[in-house]
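Participant: test case, fold it:
(2 chains)
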Amino acid sequence: MQAEGPIKPFPSHTGQDLDKRLLDLLSKKPFSKSTIVIRLSVLILAILTMYAFVSFDYKDVKLLDALLLTMDNLKIMFFEPHLKHFTFTQALYQVSITLGLAFLTTIFGAIIALMLGLLAAGNISTKPLSIVIKGTVALIRAVPTVLWVLIFAVAAGLGSVAAVIGMTFHSISYLVKAYSESFEEIDKGAIEALQASGANWWQIVFQVVIPSSITYIISWTFMRFEINFAVAVAMGAAAGAGGIGFDMFMASGFYFDLSEIGAITYFILIIAICLEIFATHIKRKLKVLS
Amino acid sequence: MTTLLEVKNVSKHFGNDTKALSNIDFSVKEGEFVSIIGPSGAGKSTLLRCINRMIDASSGDIIFDNDHVYELNKRELKKVRRKIGMIFQHYNLVNRLSVIENTLHGRLGYKSTLAGILGLHSEDEKLQAANILQILGLEDQLYKRSDELSGGQKQRVGIARALIQNPKLLLCDEPIASLDPNSSKVIMDHLRNICTSMGITVVVNLHQVDVALKYSDRIIGVNSGKIVFNGTSQNITSSDIHQIYGSDEGKLIFDLGGSHVG
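Facilitator: Model (predicted):
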């Protein structure tokens, strides 16, 4: 390959003319709405914060005393933990119930969300269907999990059934968003290539979409499992779903036993840390693979 | 030789006023190697995709292998698409899958939905895939993940995926635009051999005029959605090329003389 003809130089202008034109162009800086909105928001938030601190009703609580008392409570919780109303093995059993609740709702949620996520992903579904599913799911997600459990408690009665249904419901809405966005991220070229070779929708989904986004699917599902564990603890207390959360509710609401709350908190912390370590480990392995 | 592909009066516009193609008319004989050249945005990719209806043309008719492509229903269209292999600039492989899995994707159109979902392939198909990959010089990479390959190797997997469809026609959308000169030559040699020894018709979109002249039987020049040149690569003149690219000052980077020799 050869280039013919001489190399074309930069266009040359007379100095004065050029400066004038450039200044003219520079002065036409576009009016940016977003900068003004951001600055205004920061200013308003700063003023509101200052006003709040001035106008708080502190009653007779002295800041220092309150701080010391809180410290004392924390000391009792974390430095003198003990189990009085149940044994260590019982506590372990209760934790496993909470874990089971989290696991069950995550699995249910993941299976249903996978299907709905495929239908909600803009690149492999139709536009109206995608909008309908995404809209519904956004509405469901806007209501907190606890509220869904309490809503289902009307029909199922307060307890584990309501907790499972409510938590699954919210897990679905969360995972549909996560999954469908992962599906939308994948390279559309491979989908196009298989469409061009005559493959059908199901084949494309299982041969391109899922293999390409499997790391995201696993990582989001695990993320939701961690959230569901935390929610399952709260559900034990708020909805009588059993597990370690219920024991905590009893220890605080009935026995006022700070030491026992401390012990239970340690239990939950240890489990949470274990989950976190496990999740990081899995994610690292997936990264190596991907 | 019989006519394999006939494009009759095809137009395509996006929205109301953006006209991508207007009144495109040409035909391709069986076993021909045709290059479509033209400036960026001239409608080359759109034209190629109108042939297998990856993009639906606004008007006109396309006859492929005695089928009126625009009168087919979904199921019949899939059957026609099986006979048309497609190769892309960015290879469009599934990165996380192996070379042979990507190659076997070309067979999905022939399978039942369930077999496709589970990725069940017969021994015959696997052997055929390995055979094609061997012809293309990838027999040592069978189980390598496709994102570990170089660009040229990925494009060869793309070709393998198209070939295992047993196509009558290969549509190549700028197959060498992202490759270095050496890999480009390997790919173009393969495409030429596919055409000559397997008798598969090849239609290629190209940016490299010299490559187009060297490899193809016929050149179709496209500019602003219209065919401005349609003839053999021997008959093309320097002024034809300037007309295709619409260059105002008559200066382009290409070498006409050398390619006729080679």
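
Participant: for chain B, what's the nearest residue on chain A?
Facilitator: Residue nearest to chain B within chain A: A:G198 (2.8 Å; Cβ to the nearest Cβ). Placement of C-beta: from N, CA and C, glycine included.

Participant: check contacts around that residue.
Facilitator: B:78-82, B:108-110, B:165 (Cβ atoms under 8 Å, 6 or more residues apart in numbering or on different chains).

Participant: what subset of those is also close to chain A?
Facilitator: B:78-82, B:108-110, B:165 (Cβ under 8 Å from any Cβ of the partner chain).

Participant: which of those residues tops the neighbour count?
Facilitator: Taking other Cβ atoms under 10 Å in any protein chain shown as the neighbour criterion, B:L108 ranks highest of the ones next to chain A among the contacts of A:G198 with 28 neighbours.

Participant: show me the beta-bridge partners of the closest residue to B:S27 other than its chain neighbours.
Facilitator: Leaving aside its chain neighbours, B:S27 sits nearest to B:E6 (4.4 Å; criterion: Cβ to Cβ, 6 or more residues apart in numbering or on different chains). Applying DSSP bridges to B:E6 gives these bridge partners: B:S27, B:I63.

Participant: hmm, back to that, which members of the contacts of A:G198 are the farthest-apart pair?
Facilitator: Distance extremes for the contacts of A:G198: the farthest pair is B:V80 and B:L108 at 15.0 Å, using Cβ to Cβ.

Participant: what residues of the host helix or strand of B:S22 count as buried?
Facilitator: Per DSSP states H and E, B:S22 falls inside strand B:18-29. Buried residues in strand B:18-29, counted by 16 or more other Cβ atoms under 10 Å in any protein chain shown: B:19-22, B:24, B:26, B:28.

Participant: wait, A:K188 sits on A:I124?
Facilitator: No. Taking contacts as Cβ atoms under 8 Å, A:K188 lies outside contact range of A:I124: 9.2 Å.

Participant: follow-up on the earlier one: using the three-state scheme, assign the residue of chain A closest to chain B.
Facilitator: What DSSP: H, G, I helix; E, B strand; the rest coil gives for A:G198 is coil.

Participant: quick one, what contacts B:N23?
Facilitator: By Cβ under 8 Å, 6+ apart, the contact list for B:N23 reads B:9-11, B:60, B:226.

Participant: and it, how far from chain A?
Facilitator: 25 Å (Cβ to the nearest Cβ, to the nearest Å).

Participant: over to B:Y143?
Facilitator: From B:Y143 to chain A the distance is 15 Å (Cβ to the nearest Cβ).

Participant: which element is that residue on?
Facilitator: Here B:Y143 is assigned to no helix or strand, by DSSP H and E.

Participant: is the closest residue to it other than its chain neighbours in a bridge, and if so with what?
Facilitator: Of all residues not flanking B:Y143 in the chain, B:S98 sits nearest, at 5.0 Å (Cβ to Cβ, 6+ apart). Bridge pairing for B:S98 (DSSP bridges) gives the partners B:R145.

Participant: show me where pLDDT drops low in chain A?
Facilitator: A:1-5, A:12-18, A:287-290 (pLDDT under 70).

Participant: can you pull out the strands in chain B?
Facilitator: Secondary structure of chain B by DSSP state E: the strands cover B:3-14, B:18-29, B:33-37, B:59-64, B:67-68, B:84-87, B:169-173, B:201-206, B:218-223, B:226-232.
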